[in-house]
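Novice: okay, here's the prediction I keep looking at, along with the sequence it came from:
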Amino acid sequence: MNSVDVPLMGVYFIGVLFSLSVHEAAHGLMGHWCGDDTAKMLGRITLNPLKHIDPLGTVVVPVVMMFLAGFPFGWAKPVPFNPRNLTNARLDPVKIAMAGPASNVLLGLLLIVVARISFLFFGGIDNTPELFFGAFTLIVLLNFSLAIFNLIPVPPLDGHYVLNYFLPPEGQRLMYQLGPFGILIALVVSRPLFAHVMPPLLHFLAVAFGV
């Protein structure tokens, strides 16, 4: 887009905060179910975005991207867990990690259902206010994008816990050493990844919304 649709981006930014909060709260809840109450004691099993905000990733980066790319994207403060408290120290980190992307997929599907019901209320998709339809489309797209991005198997993203499960100790140590460069690697990888994933994802959304 050539200019920023301020009302749409304002609603969408609220959607970003909510989606990131769902993602992080899901990590904390799964950690609780697996025997670790670290997130619970820190008050992180909540949808209150104030508990999850990372000043850079949740505020600065989304706002900058809103004006540069017209599509805010960011991250929240990671939810910690103590491996010593887990019931299964090997498998439970995978469950905790996967809870985040899974929550975004489920939230995206739920929002599609809510949107389709709302279209009936407005008398069809053609009569639905543009702000409402645009915000729902972007927020659903965001949730699926968050799930896909977080599955990239480099630290600190969730996907690296899944890869770690299958790696020998030497591979796990190498993965740990990649940590400081993980986000940079993920950003480089995400460009070709989303180039392949986005067309079928957009087609799915078009079918789901009945466009």
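Specialist: Structure's in. What do you need?
Novice: flag every buried residue along the helix ranked longest in the chain.
Specialist: Taking DSSP state H as the criterion, the chain has its longest helix at helix 92-122. Applying a neighbour-count criterion of 16 or more other C-beta atoms under 10 Å, the buried positions in helix 92-122 are 92-104, 107-108, 111-112, 115, 119. Backbone N, C-alpha and C define where each C-beta goes, glycine included.
Novice: check stretch 8-16 too.
Specialist: 8-9, 11-13, 15-16.
Novice: moving C-terminal of whatever helix or strand H160 lives in, what's the next helix or strand?
Specialist: Taking DSSP states H and E as the criterion, H160 maps to helix 159-166. Scanning forward in sequence from helix 159-166 by DSSP H and E, the next helix or strand is helix 169-177.
Novice: just the CA trace of that following helix, in PDB.
Specialist: What follows is helix 169-177, C-alpha atoms only, in PDB (Å, rounded to 0.1, in the frame of the first residue of the first chain):
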ATOM      1  CA  PRO A 169      24.300 -33.700  22.300                       C
ATOM      2  CA  GLU A 170      26.800 -32.400  19.800                       C
ATOM      3  CA  GLY A 171      24.100 -31.000  17.600                       C
ATOM      4  CA  GLN A 172      22.300 -29.500  20.600                       C
ATOM      5  CA  ARG A 173      25.500 -27.600  21.500                       C
ATOM      6  CA  LEU A 174      25.800 -26.300  18.000                       C
ATOM      7  CA  MET A 175      22.200 -25.200  18.100                       C
ATOM      8  CA  TYR A 176      22.900 -23.300  21.300                       C
ATOM      9  CA  GLN A 177      25.900 -21.600  19.700                       C
END
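Novice: follow-up on the earlier one: make a markdown table from the buried residues of stretch 8-16 and add distance to P62, secondary structure and pLDDT to it.
Specialist: Output for the buried residues of stretch 8-16, formatted as a markdown table (distance: C-beta to C-beta, whole Å; DSSP: H, G, I helix; E, B strand; the rest coil; pLDDT from 0 to 100):
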| residue | distance to P62 | secondary structure | pLDDT |
| --- | --- | --- | --- |
| L8 | 14 | helix | 72 |
| M9 | 9 | helix | 74 |
| V11 | 13 | helix | 79 |
| Y12 | 9 | helix | 78 |
| F13 | 6 | helix | 79 |
| G15 | 11 | helix | 85 |
| V16 | 6 | helix | 85 |
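Novice: okay, these in JSON lines with distance to V197 next?
Specialist: JSON lines is the format used below for those (distance: C-beta to C-beta, whole Å):
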{"residue": "L8", "distance to V197": "24"}
{"residue": "M9", "distance to V197": "23"}
{"residue": "V11", "distance to V197": "25"}
{"residue": "Y12", "distance to V197": "20"}
{"residue": "F13", "distance to V197": "23"}
{"residue": "G15", "distance to V197": "20"}
{"residue": "V16", "distance to V197": "19"}
